[in-house]
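Trainee: attaching a predicted model along with its sequence, questions to come.
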Amino acid sequence: MSKMSRLFLTVLGLFLLGGLFSSNVLAAGDLDSVIEAQMYNRAIHIMAMLLLGFGFLMVFVRGYGLSALTATYMLVAVSIPGYVLLKALGVFGHAATGVESLILAEFAAASLLICAGAVLGRLKMWQYMVLALFFLPAYMLNEWVLLDGGWGLIAHDAFVDTGGSIVIHAFGALFGLGVAVSMTTHGDRELPIESDKTSDRFSLLGSMVLWVFWPSFCAALVVPEMIPKTVMNVVFALCGSTLLTYLATVLLRRSIDAADIANATLAGGVAIGSTCDQISLPLAFCVGAVAGFASTFGFAVIQETLQRGLRLVDTCGVSNLHGIPGLLGGLAALLLVGGIDKEAQGLGIVITIVIALATGLLAGKLLSFTGHRRQSYEDSEEFGG
Amino acid sequence: MSKMSRLFLTVLGLFLLGGLFSSNVLAAGDLDSVIEAQMYNRAIHIMAMLLLGFGFLMVFVRGYGLSALTATYMLVAVSIPGYVLLKALGVFGHAATGVESLILAEFAAASLLICAGAVLGRLKMWQYMVLALFFLPAYMLNEWVLLDGGWGLIAHDAFVDTGGSIVIHAFGALFGLGVAVSMTTHGDRELPIESDKTSDRFSLLGSMVLWVFWPSFCAALVVPEMIPKTVMNVVFALCGSTLLTYLATVLLRRSIDAADIANATLAGGVAIGSTCDQISLPLAFCVGAVAGFASTFGFAVIQETLQRGLRLVDTCGVSNLHGIPGLLGGLAALLLVGGIDKEAQGLGIVITIVIALATGLLAGKLLSFTGHRRQSYEDSEEFGG
Amino acid sequence: MSKMSRLFLTVLGLFLLGGLFSSNVLAAGDLDSVIEAQMYNRAIHIMAMLLLGFGFLMVFVRGYGLSALTATYMLVAVSIPGYVLLKALGVFGHAATGVESLILAEFAAASLLICAGAVLGRLKMWQYMVLALFFLPAYMLNEWVLLDGGWGLIAHDAFVDTGGSIVIHAFGALFGLGVAVSMTTHGDRELPIESDKTSDRFSLLGSMVLWVFWPSFCAALVVPEMIPKTVMNVVFALCGSTLLTYLATVLLRRSIDAADIANATLAGGVAIGSTCDQISLPLAFCVGAVAGFASTFGFAVIQETLQRGLRLVDTCGVSNLHGIPGLLGGLAALLLVGGIDKEAQGLGIVITIVIALATGLLAGKLLSFTGHRRQSYEDSEEFGG
């Protein structure tokens, strides 16, 4: 019996020791808070992209810088609480919580800012806010159908679009084109959109803010283990589009164009969105390179034809920066990601095109009933002397 | 006995297995370092607010941009090591260590920059640094009394002000008004403070940097579990003030004012400081909305009366951006936070007003003995051709 | 025997309980991902320094802002994938993986941007990219010899340079001076390099971005436990150089010089690189202060003599901002860090000077065969009307 009791005491002692040790050990809950706080960091990076990035990129219009920045402020201030509120009311699927809900709202704001870029300078300030109210439900509908199994068309998680090439970029650009069809007056089609050296430098500032924080945009909702791969892919895609933008601008225009440099350099970020956590580094570089060339080709060659054909003006060329590269990105997932549900991917792209154009055209029609500015691209109409 | 020994071996084996497993388990100390490194991230965000945010917000004065940025550099470079040094010497309470000490020093620098905004353009460059030397002990005294139980007036942790509506914003603004009383010459009161389109765009850049990183300012010292709530509240408050600023500027002025947009949009961040980790999301939006309207009302209506009444010039309108919304924020805690020590909260606000105005007036008086600029709001007086 | 079985059941029960508990306990691998994601945050801060920081700092040249920003884009887009590719091919040592590989590539890009600052405005756009191709292998050779035991000259970990005073800053500046010797035409030596108020404000923007994120640059590869100390030292060094820059610019020039403020304020960051995780806070302040004074002295006094003596133009004054303070930083490690291998430290500095100047001169000679711009410091030569 003394052996038994010795054994018992040994076991007990070991357990007490273990207890002592384990009191200093972490529960998973502690780390979860840290991981969410880390996600918050990426949410702040995206906020920098929304205000400083999109905002200053649009300052390239010489006489409309103060309006562009004010509109950016208002669009963000409407869409972030608006998205969270609509989700909380149960519109199109369940609401996320905490930092995730903030990031999803920021994604909606990003798509809205892209859309607004198509009609920049031709809306009154309050019309931007009305535009936001039209845009949000349409965006949420498309997001719900593609990513959350809405209407049962596409299975949850079947559509590959981590960084939002289709859901955020292509949707925003196509909705914007729809609005532009109705909101472009005859006078606007004759009016040159002018930049100067200072407005171009501000625009490049916005461009660089977007470039710098783009990896956080794509990795915003990615689990910690996948962040290094995702981030490297985004950086390489951006390097690819930056280099090819230079090549293309020189080849196609015989001189460097500041707007190409400010915009098409970012096409790699747009296009890598769908596949950023899936493909290899060299492929990521190539996706970016193709997108950079295609985007510059859009600015230098396609834009004028498109605008004349559709009788619209796309102020910031969002069809070239977000439309073409966004669609390219969605298609890249089809071609490059193994084991993908090709039907779901293709269907999602088609649905996005249909919803975005249809709701955009409708929104533009409704918006045009509320009137037009007297003078496009001019701060002075709304800002005091 | 063979059963006994089999049992013993089993237990031993399990323990060895457990030991093997536990060697791969984390001690809490590892996570503490990660949490502090995460706090460092917020410290960097605040640094961006100090230099890029406050600095560029003050560039709106057309001919004084280089001076405003240089003054920002100098005020930060004096106050951060100054605060850490004074704390290390035991002035007004114990020193924090590591990243926390950096954040507390940055808070002091933020308050100082607010104060300097009241007299911007009317001090010589070295006078800003002397101002910093007057400001720091006064700020530290007030911080010590309100937050660290100094003089035994307010119990430790009784005063609710996580994001510094009172301790940082209201204090800085009121101290600055005190200084402005003495440092405004007769000539200054006649002199217009002019901005142009480029200085306004730079000012909006500073504004947006402040907006973007404000959540990190309020959540700087918050534990990881509370970060999501705090951050969402700050973002919603900023959205509220941004929207109401637009509404108020159009209602009160019949046109959009660039300075209102650059400044009053931030009032939500100022006002949510006291309650950012306490109230609900809809309330946070409302606190921001009220602050945004009040701040715009301050810029559009109160400022001129106040300046004429007190015979001073408040260059950046810090009384409207930091004074009114800061006090509103402190009062919001009184009204909206359950279980608050109302006496302590009220007392803390009164003490801040008294200390800030008294020490500010004294500092202004002393500073005015060292002379005045020949020309206000002009880089050329100190910068070479 | 019933006691035995009771004991057995007790032990079993405790183990099951323990198992339940431990399933909620973290393995070290989870935290590793979080630590790498945290390192990613610093990688993004460095990216902001590369594009927004170095890019806008170079916008001070009045008529060359668009080119400076475009060149920054191209240099980053060539050097980051270039460095990763060369490392993957086994050039000069083994490749790092994940975020560490990104940070090492960013360090190379930083050094390249410093080098390009010496010849800014005198290369055609594609020549910057050729410069990058010459620069990368030379940089990687020096890095390999100093830090990775290349050629067996300096033991691994013997050379103290956490934040890259020598490996990044001094190397880039000296390589740039080598290139400048060949790429400065007779005409360039007569041509004034002009800035204006707007280009200076943009330059101060770049300066502040660099200042704000510099702590992340130095702490990029530091373990979490050492981050607070490293960061505080960098901030104090920057405060020291900022204050002494003001003092020196006023003493040496009798007025404040905007270029001094934009550049020499950063000398503390350059000089603290070698010792940022080693020395005490007051020493860090002093290292920064000495570097700030020396850098301003370089801009105000040495630069003209140096340029006339070497018949070159150093557009951005990189010898004053990165050359002198970088070498000072390397020497500071010799003097201030206890237990350092003084021979290795001294040898590393000498090797850097030799490799940088030799390869820089060679690169400049080769580059000059590809021709010169017609007009220096003018966007219009390459950007369309």
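Mentor: Sure, I can see it.

Trainee: hey, let's count contacts and neighbours off CA atoms from now on
Mentor: Fine.

Trainee: list the contacts of the residue nearest to residue A:122 when sequence neighbours are not counted.
Mentor: Nearest residue to residue A:122 in three dimensions, chain neighbours excluded: residue A:376, at 5.1 Å (CA to CA, 6 or more residues apart in numbering or on different chains). If you count contacts by CA atoms under 8 Å, 6 or more residues apart in numbering or on different chains, residue A:376 has them with A:121, A:122, A:123, A:188.

Trainee: okay, residue A:376 and residue A:184: tell me how far apart.
Mentor: The gap separating residue A:376 from residue A:184 is 10 Å, by CA to CA, to the nearest Å.

Trainee: so what sits against both of those two?
Mentor: Common neighbours of residue A:376 and residue A:184 (CA under 8 Å, 6+ apart) are residue A:122.

Trainee: returning to that earlier point: which of the contacts of residue A:376 ranks first by neighbour count?
Mentor: Highest neighbour count within the contacts of residue A:376, by other CA atoms under 10 Å in any protein chain shown: residue A:121, with 27 neighbours.

Trainee: nearest residue to that one in space, please, no chain neighbours.
Mentor: residue A:377 (4.3 Å).

Trainee: secondary structure class for that neighbour?
Mentor: Per DSSP: H, G, I helix; E, B strand; the rest coil, the secondary structure class of residue A:377 is coil.

Trainee: hang on, the earlier thing: determine which two of the contacts of residue A:376 are furthest apart.
Mentor: With distances taken as CA to CA, the most widely separated pair in the contacts of residue A:376 is A:123 and A:188, at 11.6 Å.

Trainee: surely residue A:268 is within a helix?
Mentor: Yes - counting by three-state DSSP, residue A:268 is found in a helix.

Trainee: from residue C:290, how far out is it?
Mentor: 44 Å.

Trainee: and those two? which has more neighbours close in?
Mentor: The residue with more neighbours, out of residue A:268 and residue C:290, is residue A:268; 37 against 20, by other CA under 10 Å.

Trainee: is it correct that that one is in contact with residue A:287?
Mentor: Yes - judged on CA atoms under 8 Å, residue A:268 makes contact with residue A:287 at a distance of 6.8 Å.

Trainee: shared neighbours of those two, anything?
Mentor: A:237, A:240.

Trainee: state the pLDDT value of residue A:384.
Mentor: On pLDDT, residue A:384 comes in at 78.

Trainee: which ones are touching the residue nearest to it when sequence neighbours are not counted?
Mentor: Once flanking residues are discounted, residue A:384 sits nearest to residue B:255: 5.5 Å by CA to CA, 6+ apart. Contacts for residue B:255 (CA under 8 Å, 6+ apart) come out as A:382, A:383, A:384, B:249.

Trainee: out of those, which is most surrounded?
Mentor: With neighbours defined as other CA under 10 Å, the most crowded of the contacts of residue B:255 is residue B:249; it has 23 neighbours.

Trainee: measure that residue to chain C for me?
Mentor: According to CA to the nearest CA, to the nearest Å, residue B:249 stands 28 Å off from chain C.

Trainee: coming back round to it: of the contacts of residue B:255, just say which sits nearest to residue C:105.
Mentor: residue A:383 (45.7 Å).

Trainee: and that closest one, backbone torsions?
Mentor: Reported as degrees, to the nearest 10, the phi and psi values for residue A:383 are phi -90, psi 140.

Trainee: now residue A:340
Mentor: Dihedral angles for residue A:340 - degrees, to the nearest 10 - are phi -80, psi 150.

Trainee: burial measure for it, as a count.
Mentor: Residue A:340, neighbours per other CA under 10 Å, totals 15.

Trainee: checking the closest residue to chain B within the stretch 151-300 of chain A next. Helix, strand or coil?
Mentor: Using CA to the nearest CA, the closest approach of the stretch 151-300 of chain A to chain B is made by residue A:198 at 8.0 Å. Secondary structure assignment for residue A:198 (three-state DSSP): helix.

Trainee: so who does the closest residue to residue A:139 other than its chain neighbours touch?
Mentor: Excluding the flanking residues, the one nearest residue A:139 by CA to CA, 6+ apart is residue A:108, at 7.0 Å. Taking CA under 8 Å, 6+ apart, we find residue A:108 in contact with A:79, A:80, A:83, A:136, A:139, A:140, A:168.

Trainee: I'd like the list of the contacts of residue B:255 that fall within helices, please.
Mentor: Here DSSP state H is the test, and these give residue B:249 as lying in helices.

Trainee: return the closest of the contacts of residue B:255 with respect to chain C.
Mentor: Looking across these and measuring by CA to the nearest CA, the closest to chain C is residue A:383, at 22.4 Å.

Trainee: for that closest one, name its beta-bridge partners.
Mentor: Using DSSP bridges, the beta-bridge partners of residue A:383 come out as residue B:256.

Trainee: the residue of the stretch 151-300 of chain A closest to chain B: neighbour count?
Mentor: Residues lying near residue A:198 (other CA under 10 Å) number 18.

Trainee: what helix or strand is residue A:334 located in?
Mentor: Counting by DSSP states H and E, the element that carries residue A:334 is helix A:324-336.

Trainee: what's downstream of that helix, the next helix or strand?
Mentor: helix A:342-368.

Trainee: mean confidence for that next one?
Mentor: 97.

Trainee: which helices and strands does that helix pack with?
Mentor: Contact partners of helix A:342-368 among helices and strands, from 3 or more CA pairs under 8 Å, 6 or more residues apart in numbering or on different chains; DSSP states H and E: helix A:125-147, helix A:171-183, helix A:324-336.

Trainee: tell me which of those sits most buried.
Mentor: helix A:171-183 (a mean of 30; mean count of other CA atoms under 10 Å in any protein chain shown).

Trainee: contacts for it?
Mentor: A:111-119, A:122-123, A:135, A:139, A:310-314, A:318-319, A:322-323, A:352-353, A:356-365, A:367-368, A:372.
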